[in-house]
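J.: kindly return the folded structure for what I paste below:
(one chain, ligands or ions: 2)
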Amino acid sequence: MECLCVPKNEKAKNMPYQAETYSVTVDPQNPDPQVMALAGQVIVDGGLVAFPTETVYGLGANALSEAAVAHIFEAKQRPSNDPLIVHIETVAQLETVAIEIPSITQKLADAFWPGALTFILKKRPEIPANVTAGRDTVAVRLPAHLIAQRLIHKAGVPIAAPSSNLFSRPSPTTAYHVLADLDGHVDVILDGGSTQIGVESTIIDLTSEIPTVLRPGGVTLEALREHLPTVAFRPQHITEDDIAAAPGTLLKHYSPHATVKVFKGEEKAVYEAMRHEAATDIKQGKQVGILAQDNEALEFAKLDVQIVLIGKTSQAMAAALFAGMRALDNSKVDVILARAPQETGLGLALYDRLMRAAEGHIMEVG
Ligand code: TXA
Ligand code: MG
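T.: Numbering: from 1, shown residues only. Ligands and ions are numbered 1, 2, ... in the order given. Here you go, the predicted structure:
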């Protein structure tokens with residue numbers, strides 16, 4: 001009888017990475033050495049481990065293995081032209097990943113590592129091409145989270161890891177978010193609780209003549225300027241058609257399923273515009289959600305909307321933003337309204353993520 005089965009290599013090409021997902025709770029202050037050793041072995045064996053960092057959860061694989069790294073792209077359904085961040089355990093390990101390291105790197109590492117800052121440097125030839133999407137530069141970060149550090153230590157290799165969400169979904173800040181996106185497509189999830197910062201690392205290109213921030217994140221531009229007054233800021237916001245030109249900067253990134261509308265301008269005028277928009281959407285039969293700061297809920301009290309409070313300070317809002325988007329998605333709203341935060345401090349990263357979730361459509365009012 002004719003075999004209808006798909007040849008093995010064909011199947012591998014079309015199927016996402018499959019695994020029996022094992023989620024384990026790990027104390028972030030005192031990770032169980034046996035659990036960490038097992039997770040490290042999964043990395044060595046070419047598998048995928050989702051782990052907490054101080055920013056968001058990462059989806060890790062052996063950065064020196066092209067086959068292991070390929071699983072990340074399959075599991076996340078991430079386009080192969082979007083490069084990954086390589087995570088290291090010590091500053092000395094930088095030399096195993098990058099070459100021609102400029103002297104400013106050490107200065108910034110002294111100030112911000114371990115932490116939420118990613119350097120773009122010239123890559124070592126040993127780093128497989130799929131990690132860097134064929135580029136001659138590599139993104140490197142030394143995370144502050146103990147579970148991340150122990151995982152890299154036990155694996156004995158640098159770990160390539162993008163955020164541990166399905167491509168273009170909001171980044172995960174809890175193990176539950178990882179499970180919701182990747183159950184059956186990741187071997188181990190190390191559940192270390194909620195991540196502290198909540199938005200991804202700041203990415204700074206150190207290969208350009210003037211060091212340039214490509215993505216605002218957990219380390220603020222103001223803090224960077226204290227150590228590097230000349231730093232340039234050129235966030236890359238582009239549409240789907242341009243993605244080949246500048247990977248990872250896609251506007252439809254960090255998106256919930258709902259349409260996101262962001263309002264910018266004088267506070268009272270913004271609330272008025274948001275109420276008007278909500279009322280119009282409700283009239284059209286849409287379910288409306290609002291990402292509101294703690295003191296803003298009263299502004300929308302008379303409307304039939306779902307409000308998710310995301311705190312008041314930019315730190316609190318960063319920690320709550322992605323979880324808030326996911327919560328509103330889970331309650332099946334069609335539209336999410338939010339007020340644009342101040343573009344200073346951590347607010348710059350918040351603004352960037354909201355703007356991307358809104359696919360660039362910011363409503364200027366007042
Ligand atoms: O906080 C974070 O950065 C988290 C944790 C897990 O470390 N990682 C993360 O990775 O958010 P993610 O999913 O944003 O992907 C890495 C991004 C790419 O989308 C791209 O924008 C940038 O890093 N990137 C990586 N390599 C690059 C390169 N060689 N040149 C320019 N940008 C690069
Ligand atoms: Mg990501």
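
J.: list the residues that contact the residue of the chain found nearest ligand 2.
T.: Relative to ligand 2, the nearest point of the chain is residue 163 (3.4 Å; Cβ to the ion). Where C-beta positions appear, they are placed from N, C-alpha and C, glycine not excepted. For residue 163, the contacting residues are 56-59, 171-172, 200, by Cβ atoms under 8 Å, 6 or more residues apart in numbering.

J.: 6 Å - rerun?
T.: Applying Cβ atoms under 6 Å, 6 or more residues apart in numbering to residue 163 gives the contacts 56, 171.

J.: any idea how far it lies from residue 264?
T.: 26 Å (Cβ to Cβ, to the nearest Å).

J.: shaky segments in the stretch 101-250 of the chain?
T.: Within the stretch 101-250 of the chain, the segments meeting pLDDT under 70 span 237-250.

J.: for the chain, which residues are neighbours of ligand 2?
T.: Proximity of the chain to ligand 2, by Cβ under 5 Å from the ion, involves residues 162-163.

J.: how is the chain divided into domains?
T.: 2-233, 259-365 (automatic domain parsing).

J.: got the buried residues for stretch 111-119?
T.: 112-119 (16 or more other Cβ atoms under 10 Å).

J.: and the residues you listed, which two are the farthest apart?
T.: The most widely separated members of these, counting by Cβ to Cβ, are 114 and 119 (12.8 Å).

J.: would you mind listing what in the chain touches ligand 1?
T.: By Cβ under 6 Å from any ligand atom, the residues of the chain that approach ligand 1 are 53, 55-56, 58, 82-85, 118, 120, 132, 135, 137-139, 141, 161-163, 171, 200-201, 203, 214-215, 247-249.

J.: run the last query once more with 5 Å
T.: 53, 55, 58, 82-83, 85, 120, 135, 137, 139, 161-163, 200-201, 248 (Cβ under 5 Å from any ligand atom).

J.: which of these are buried?
T.: Buried by 16+ other Cβ under 10 Å: 53, 55, 58, 82-83, 85, 120, 135, 137, 139, 161-163, 200-201, 248, out of the residues of the chain next to ligand 1.

J.: mark which of these are part of strands, please.
T.: Among these, the members found in strands (DSSP state E) are 58, 85, 120, 137, 139.

J.: can you tell me the SS state at residue 23?
T.: Put simply, residue 23 is strand when judged by DSSP: H, G, I helix; E, B strand; the rest coil.

J.: please read the previous query as pertaining to residue 18.
T.: At residue 18, secondary structure determined by three-state DSSP is coil.

J.: tell me the spacing between it and residue 132.
T.: For residue 18, the distance to residue 132 equals 26 Å [Cβ to Cβ].

J.: of those two, who's got more company?
T.: Taking other Cβ atoms under 10 Å, residue 18 and residue 132 do not tie; residue 132 has more neighbours (20 against 12).

J.: the more buried one against residue 126, yeah?
T.: No: Residue 132 is beyond contact range of residue 126, at 11.6 Å (criterion: Cβ atoms under 6 Å).

J.: quick revisit: closest one to residue 192 out of the buried residues of stretch 111-119, please.
T.: For the buried residues of stretch 111-119, the nearest to residue 192 is residue 114 (15.1 Å; Cβ to Cβ).
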